[in-house]
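A.B. asks: Next comes the sequence, and after it the predicted model I'd like to discuss.
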Amino acid sequence: MAETISLPKHIAVIMDGNGRWAQKKGLPRFAGHKKGAEALALFLNEVQKLNIKYVTVFAFSSENWSRPKEEILALMNLLRQTLKENIIKADQNNIKYNFIGNLDKINKDILEQIRLLEEKTANKNGLFFNIALSYGGREEIIFATKKIAEKVKNNKLNINEISEDIFAQNLYNPGQPYPDLLIRTSGEKRISNFLLWQLAYTEMVFLDTLWPDFSAKDLDMAIIEFQKRERRFGSLKG
Ligand code: IPE
Ligand code: IPE
Ligand code: MG
């Protein structure tokens with residue numbers, strides 16, 4: 001078991017490998033996504049046991065829109081179903097749901113469910129759970145840039161006042177600490193346009209486990225690896 005001192009405050013996860021999990025079992029890709037949603041529920045239980053305050057998961061990227069129509073449809077149906085279940089369960093747990101991404105592209109009925117879940121859990125404070133949906137890190141940076149440009153244009157902000165703090169305040173989800181640990185499953189070692197700004201000094205742990213197989217043991221391994229790392233933030237050891 002990982003020690004409970006120096007646990008990460010914010011874990012970001014690229015939940016990858018659903019398709020390969022299904023393929024290995026001779027099942028349609030959708031079966032991997034379904035099992036992946038179950039793995040996410042287990043993961044959320046585990047982080048709550050550890051009292052980890054912030055989690056951000058990559059559920060669907062801006063680039064995932066280029067997948068076949070049938071796969072997108074299946075993913076959106078799974079999202080509908082999961083939202084419905086979580087709206088029903090919302091009162092039973094202490095999770096605050098927050099969706100980030102270009103949600104204009106999401107079907108209206110799903111967006112309504114998203115807003116409902118966010119509203120229902122707005123005052124929860126156990127786990128701050130961010131779901132990146134139709135999300136791209138580059139898009140988020142452009143989003144913040146446009147907001148800032150608008151403020152400059154309207155004389156609400158002076159160009160010289162633009163700082164890292166001001167920039168961060170204009171991202172999708174201001175006010176949370178940046179992830180200190182990023183976990184990516186399935187053996188791929190890349191960021192795939194996730195949280196480009198926020199991951200600047202994040203420790204990254206890449207696991208071979210395919211996301212649908214992700215268990216408490218994998219989380220423990222990732223945290224132990226995180227605790228072995230020496231974080232320097234550009235300065236010298238000491
Ligand atoms: C991650 O699993 C889930 C999404 C991107 C929606 P993949 O669907 O990318 O699974 P692989 O990488 O093809 O195995
Ligand atoms: C990243 O995984 C997006 C999600 C997990 C939602 P991808 O499977 O889309 O990334 P690439 O294509 O392997 O880089
Ligand atoms: Mg993938």
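C.D. replies: Sure thing, it's come through. The shown structure was predicted, so the numbers you read here are calculated from the model rather than taken from an experiment. Ligands and ions are numbered 1, 2, ... in the order given.
A.B. asks: How about the residue sitting nearest the centre point of the chain: what's its closest non-neighbour residue?
C.D. replies: The centre of the chain sits closest to residue 57, judged by CA atoms, centre = their mean, with a distance of 2.2 Å. Spatial nearest neighbour of residue 57, excluding adjacent residues (CB to CB, 6 or more residues apart in numbering): residue 13 at 4.8 Å. In short, each C-beta sits where N, CA and C put it, glycine included.
A.B. asks: Give me the pLDDT value at the one you found.
C.D. replies: Looking at residue 13, its pLDDT reads 99.
A.B. asks: sec struct for it, please.
C.D. replies: Here residue 13 is recorded as strand under DSSP: H, G, I helix; E, B strand; the rest coil.
A.B. asks: Hmm, residue 54 and it touching each other?
C.D. replies: No: counting by CB atoms under 8 Å, residue 13 sits too far from residue 54 to count as a contact (11.5 Å).
A.B. asks: the more surrounded of the two?
C.D. replies: Set residue 13 next to residue 54 and count neighbours by other CB atoms under 10 Å: residue 13 wins out with 25 against 22.
A.B. asks: which residue lies farthest from the center of this protein?
C.D. replies: Residue farthest from the centre of the chain, counting by CA atoms, centre = their mean, is residue 155 at 34.0 Å.
A.B. asks: Which residue does the chain have closest to ligand 1?
C.D. replies: Distance from ligand 1 to each residue of the chain (CB to the nearest ligand atom) is smallest for residue 19, at 2.8 Å.
A.B. asks: So for the helix or strand where that residue lies, mean pLDDT?
C.D. replies: Applying DSSP states H and E as the criterion places residue 19 in helix 18-24. Regarding helix 18-24, the rounded mean pLDDT is 98.
A.B. asks: ok, and what's touching it?
C.D. replies: 28-33, 35-36, 186, 210-213 (CB atoms under 8 Å, 6 or more residues apart in numbering).
A.B. asks: can you give me the offset of it from its chain's centre?
C.D. replies: With CA atoms, centre = their mean, to the nearest Å as the basis, helix 18-24 stands 21 Å off its chain's centre.
A.B. asks: tell me the mean pLDDT for the next helix or strand after that helix?
C.D. replies: Sequence order places helix 29-49 as the next helix or strand after helix 18-24, per DSSP H and E. Helix 29-49 shows a mean pLDDT of 98.
A.B. asks: how about the helices in the chain?
C.D. replies: Applying DSSP state H to the chain gives helices spanning 18-24, 29-49, 69-89, 108-120, 137-153, 164-169, 216-228.
A.B. asks: out of those, nearest to ligand 2?
C.D. replies: When the helices of the chain are compared by CB to the nearest ligand atom, helix 18-24 sits nearest ligand 2, at 7.7 Å.
A.B. asks: ok, which residues in this protein are in contact with ligand 1?
C.D. replies: Residues of the chain found near ligand 1 (CB under 6 Å from any ligand atom) are 15-20, 60, 64, 75, 186.
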